[in-house]
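In: Here is a sequence together with a model predicted from it:
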Amino acid sequence: MSNPLSYLHDQIEQWKAEGTYQRLRILESESAAESRFDGKEVINLASNNYLGLTTHPKLREAALEAVRRYGVGSGAVRTISGTMSLHMQLEERIAAFKNVEACVVFQSGFAANAGAVSAILGPEDHIISDELNHASIIDGCRLSRAKIHVFPHKDFAAAEKILAELDSVPGHKLLISDGVFSMDGDIGPLPGLVNAAEKHGAIMMVDDAHSSGVLGRNGRGTIDHFQLHGRVPIQVGTLSKAIGVLGGYVCGSRDLIEFLYHRARPFLFSTSHPPAVAAACLAAFDVLEQEPERIQKLWDNTKYFKAGLQSAGFNTGISETPITPVIVGEAKTAHELSRELFNEGVLATGIGFPTVPKDRARVRTIVTATHTTGELDRALEVFRKVGKKLALV
Ligand SMILES: *Cc1c(COP(=O)(O)O)cnc(C)c1O
């Protein structure tokens, strides 16, 4: 009998032939500036652990204390019996931090985007979306069955033109953008987008996954960075990146959050975070307020490392944030560069199509606040050496 799943094997063999097949790297230590992957100590330039909070003593202690007091699981979805006081405290804490009325926490940033967009829109509505928005936004848009209008990356004039054409068309309009784009590290043109949304009565939504803990006062994100408080009715963030733990959230009006409590499917149909996750996230917001020097160090490291890559002759694209791509062209080259870097003691992931366009494959680097200058110098030395070997610089 033939195997009805054999087409999967055929596709995998094709990836191997093309040089785009990727084995998972196994992390055998904590996620830190230097970590052990696959038995090898490397400088880790591949995490989203911007502020080093994955191993912060205050988060660790908060998680352990929560385990001792409340156990390891919440026992149910939020709407049945799985809303713990820690979950409510975290939502109140985030709402206050973001200067909004209310907040709902989801299991992940992915669930927050997919759950929120699909809950508030239906087939008769319209979504105007940046072409480089994150996959979780795209999936949320598709799940909503609203009509999707994609505009060229960061082109807020093009977004406004689409909105103008929809002025006389019935249905709700949602204009949506990443705050910081995850593959290029550039910042979304929020002032232009917000103006366009206000002019045409559209709902503005910003996904600040890569900006929370990175941009704005104490890491309040792009809305704070651009001083757009009160003008972005739906703000999404993640607890999985700079916050160092796991989760996602939506911030906005009390009505928005009440509505999501009743209609967002990941909230209704998937179990809530373990108490240790909520407690560690709460501790992370204390750290953001109490240790702003971490964010300063993150930006000092970012400037230092980016300048080093550029002076070595690498193409770092249009990055404005700690996410710094090294653009090489072919996916095969990106994966080869990544492998060679690893052999020399630096972890940086190769990224190709379909995550980025076919001729824009890259190795993505993310420095953190916890990298020392010595580590960054060593990483730059490895980049120079491997870049010469592969004739990239
Ligand atoms: C990482 C990311 C997400 C998903 O966040 P998780 O908490 O990891 O699920 C959503 N949006 C953007 C822009 C991201 O970069």
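Out: Arrived safely, thanks for sending.

In: For burial, what's the neighbour tally of the residue in the chain positioned nearest to the ligand?
Out: At 2.3 Å from the ligand, Gly109 is the closest residue in the chain, using CB to the nearest ligand atom. (C-beta placed from N, C-alpha, C; glycine too.) Residues within reach of Gly109, counting by other CB atoms under 10 Å, total 25.

In: My understanding was that it contacts Gly247; is that so?
Out: Yes. In this structure, Gly109 is within contact of Gly247 by CB atoms under 8 Å, at 7.5 Å.

In: Which neighbours do those two have in common?
Out: Residues touching both Gly109 and Gly247 (CB atoms under 8 Å, 6 or more residues apart in numbering): Thr238, Leu239, Ser240.

In: overlap between those residues and the residues near the ligand?
Out: Thr238, Ser240 (CB under 6 Å from any ligand atom).

In: which of the shared contacts of Gly109 and Gly247 has the most neighbours?
Out: Most neighbours among those, by other CB under 10 Å: Leu239, with 31 neighbours.

In: got a list of what it touches?
Out: Counting by CB under 8 Å, 6+ apart, Leu239 makes contact with Val105, Gly109, Val245, Leu246, Gly247, Gly248, Tyr249, Val277, Cys281, Ala284.

In: Which of the shared contacts of Gly109 and Gly247 fall within strands?
Out: Counting by DSSP state E, those place Thr238 in strands.

In: gap between Leu298 and Thr222?
Out: For Leu298, the distance to Thr222 equals 15 Å [CB to CB, to the nearest Å].

In: any idea how far the residue positioned nearest the centre of the chain is from Ala95?
Out: Taking CA atoms, centre = their mean, the centroid of the chain lies closest to Ala209, which sits 3.9 Å from it. Distance of Ala209 to Ala95, computed by CB to CB: 18 Å.

In: Same question for Ile318.
Out: Per CB to CB, Ile318 is found 33 Å from Ala95.

In: These two: which has the busier surroundings?
Out: Between Ile318 and Ala95, counting by other CB under 10 Å, Ala95 is the more crowded of the two (19 against 13).

In: Apart from its neighbours in sequence, what residue is nearest that one?
Out: Using CB to CB, 6 or more residues apart in numbering and skipping the chain neighbours, the partner closest in space to Ala95 is Cys103 (4.1 Å).

In: thinking the one you found is in contact with Gln89, fair?
Out: No. Look at Cys103 against Gln89 with CB under 8 Å: they stay out of range, at 11.1 Å.

In: Looking at these two, which has the bigger crowd around it?
Out: A direct count of neighbours by other CB under 10 Å for Cys103 and Gln89 places Cys103 higher, at 23 against 14.

In: Confirm that the more buried one sits in a helix.
Out: No. Per DSSP: H, G, I helix; E, B strand; the rest coil, Cys103 lies outside any helix segment and is strand.

In: quick one: it from Val180, how far?
Out: 20 Å.

In: hmm, back to that, from the contacts of Leu239, which land in helices?
Out: Gly109, Val277, Cys281, Ala284 (DSSP state H).

In: Highest neighbour count among those?
Out: In the ones in helices among the contacts of Leu239, the most neighbours by other CB under 10 Å go to Cys281, 29 neighbours.

In: I figured it hits Val245, correct?
Out: Yes. Between Cys281 and Val245 there is a contact under CB under 8 Å: 5.0 Å.

In: thinking again about what came up before, as TSV, the contacts of Leu239 with pLDDT would be great.
Out: Converted to TSV, those look like this (pLDDT from 0 to 100):
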residue	pLDDT
Val105	98
Gly109	98
Val245	98
Leu246	98
Gly247	98
Gly248	98
Tyr249	98
Val277	98
Cys281	98
Ala284	98
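
In: Once you drop chain neighbours, what's closest to Glu344?
Out: Val382 (4.4 Å).

In: SS state for the one you found?
Out: Applying three-state DSSP to Val382 yields a three-state assignment of helix.

In: How many residues are close by Arg25?
Out: Counted with other CB under 10 Å, the burial measure for Arg25 works out to 16 neighbours.

In: Please tell me I have it right and it contacts Ala348.
Out: No. The pair Arg25 / Ala348 is not scored as a contact, 11.0 Å apart, by CB under 8 Å.

In: can you map out the helices along this protein?
Out: Under the criterion DSSP H, helices of the chain are mapped to 6-18, 57-70, 85-98, 109-120, 135-144, 156-165, 190-199, 222-225, 254-263, 265-269, 275-290, 293-311, 331-343, 373-389.

In: Of these, which is nearest Ile176?
Out: Across these, Ile176 has its closest neighbour in helix 135-144 (6.0 Å, CB to CB).

In: tell me which strands and helices that closest one is in contact with?
Out: Packing contacts for helix 135-144, counted by 3 or more CB pairs under 8 Å, 6 or more residues apart in numbering; DSSP states H and E, involve helix 109-120, strand 126-130, strand 173-178.
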